[in-house]
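Novice: The sequence and its predicted three-dimensional model are supplied below.
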Amino acid sequence: MTDQSEQGAGMEPGRPADGEPSLVDELQQPTPMRYIKFAVAMFAVVGVGYGLTFWLFSELGTMGNTGGSILVGIGTFFGFLLGPVVAVGTGAYTALNWEGEETKLVAAAAGVGAAAGYVVLVMVLLLFASLSSSGGGGGGGGTSLPGGTGGTFGLLLGIAATATLTVYLTARVRIES
């Protein structure tokens, strides 16, 4: 019994017993951070591209304020659904370009990058939605996410899992070929 108490003594929470860096520490290294930043940037680019496209179409088109706002709302809704698709792309890119065999770290970096990137995507889409819904009148609604905090957390977990599973699948295919 003294073995167990001695093993737990002096250990920091979240740090492996053998003194190796934790996964959080490893994710803060330059290579994982490069792929996390890449994923966030790709989600931002998709958000800007998708949001700007629908916003410009509604602003420059002859749909009127109501029709344009509805179109931007539909575009924003479908933009939210792009998260898993972008996560597959960023996860595959990360897995194919990562040097080394640390699949767990690669998958974690892809998952963290996809979750953080999705937050950026949603913020960009909501920005364009609020630009459209304000119409210069100061109204501006529709900036809360459907599903509340729990729904948002569920979205982030699903998107992170998509990127993570993509890494494992890509690594497996890469090893077999």
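Specialist: It's in.
Novice: Let me see the contact set for G89.
Specialist: The contact partners of G89, by CB atoms under 8 Å, 6 or more residues apart in numbering, come to M42. C-betas here are computed from N, CA, C, even on glycine.
Novice: which element is I175 on?
Specialist: Here I175 sits within helix 148-176, counting by DSSP states H and E.
Novice: again, but for A116
Specialist: Per DSSP H and E: helix 103-134 holds A116.
Novice: can you tell me the average pLDDT over that helix?
Specialist: The average pLDDT for helix 103-134 rounds to 89.
Novice: now the angle between helix 148-176 and that helix, please.
Specialist: Going by axes from the mean of the first three to the mean of the last three CA atoms, to 10 degrees, helix 103-134 is angled at 140 degrees with respect to helix 148-176.
Novice: quick one on the thing from earlier: where does the helix holding I175 sit relative to the chain's centre, distance-wise?
Specialist: On the basis of CA atoms, centre = their mean, to the nearest Å, helix 148-176 sits 10 Å off its chain's mean C-alpha point.
Novice: Okay, buried residues for it please.
Specialist: Buried residues in helix 148-176, counted by 16 or more other CB atoms under 10 Å: 152, 155-156, 159-168, 170-171.
Novice: For V112, the count of nearby residues, please.
Specialist: Other residues near V112 come to 22 when the count uses other CB atoms under 10 Å.
Novice: Return the distance of it relative to F57.
Specialist: 33 Å (CB to CB, to the nearest Å).
Novice: do E176 as well
Specialist: 44 Å.
Novice: Could you do Y168 as well?
Specialist: To F57, Y168 is 38 Å away according to CB to CB.
Novice: got any ranges where this structure has weak pLDDT?
Specialist: 1-17, 61-68, 101, 133-148, 152, 155, 177 (pLDDT under 70).
Novice: Try it again at 90.
Specialist: Within the chain, the stretches with pLDDT under 90 are 1-21, 47-82, 98-103, 125-165, 168-177.
Novice: circling back to that earlier point, what is the nearest of the buried residues of helix 148-176 to A41?
Specialist: Of all the buried residues of helix 148-176, A41 sits closest to A163, with 14.1 Å by CB to CB.
Novice: residues in contact with that closest one?
Specialist: Neighbour list for A163: 39, 87-88, 90-91, 94, 107, 110-111, 113-114 [criterion: CB under 8 Å, 6+ apart].
Novice: same deal with F78?
Specialist: Here F78 is in contact with Y50 (criterion: CB under 8 Å, 6+ apart).
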